[in-house]
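Asker: Please find the sequence and the predicted model below.
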Amino acid sequence: MSGMYRIAFFVVIFTMSGIRSGDSQTVDTPGVPCASKSSTTCEDCLKNVTCLWCTSTKECVDYPVRSILPKPSVCPLNNARWGLCWVNFQSLIITMSVLAGIIIIAILVCCFCCCKCEKIGNKRQDAKAAQQEHARKARKDERKSEMNVRHEEVRQKYGLTKGNPYARMDEN
């Protein structure tokens, strides 16, 4: 259960790092190179959103924009900091991939359940329609037999019953 809290916490922190880029403390100074902030702290380095702090070498370097992730020669992922000083790239990547996997699995499960429920609903509707059709047919047959009984009673009452169904009515 604590794993879910960690994931939620990292999502909040990742979101906050995006909000932090618009913070009043963050100063985007493209004219000042990140290397000039190497002798400072992580917080000073990360005030510029184009900078990456490497905790192992305590250097502030330009974020390698052309490659999405910094190469190990620039800084190992578990030592790279960007946005917030206490969130490293390795845990961020793992967290985001786990969240993406959970979301994809949840979407697939929802799609499967919806399709399954629709099929079950269609089967129920088909069974209900077949049951109603059977009931209508039974009522129709019952009405037909009652009508035949009444017709036969009327024929007997007026003496119209014939031994031969093809005989003329005058002959009786």
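Answerer: The structure has been received and is ready for your questions.
Asker: gap between whichever helix in the chain runs longest and the chain center?
Answerer: In the chain, assigned by DSSP state H, the helix with the most residues is helix 89-157. Counting by C-alpha atoms, centre = their mean, to the nearest Å, helix 89-157 is centred 24 Å from the centre of its parent chain.
Asker: by contact count, what packs against it?
Answerer: Helix 89-157 is packed against helix 2-20, strand 80-82, with contacts defined by 3 or more C-beta pairs under 8 Å, 6 or more residues apart in numbering; DSSP states H and E. Just so you know, the C-beta spots here come from the backbone N, C-alpha and C atoms, and that holds for glycine as well.
Asker: Lowest average confidence across the ones you listed, which one?
Answerer: Mean pLDDT values for the helices and strands packed on helix 89-157 show the minimum at helix 2-20, a mean of 49.
Asker: after it comes which helix or strand?
Answerer: The helix or strand immediately downstream of helix 2-20 is helix 42-45, counting by DSSP states H and E.
Asker: Direction included, what does the helix or strand following that next one pair up with?
Answerer: From helix 42-45 onward toward the C-terminus, using DSSP H and E, the following helix or strand is strand 51-54. Here strand 51-54 has these sheet partners by DSSP bridges: strand 59-62 (antiparallel), strand 80-82 (antiparallel).
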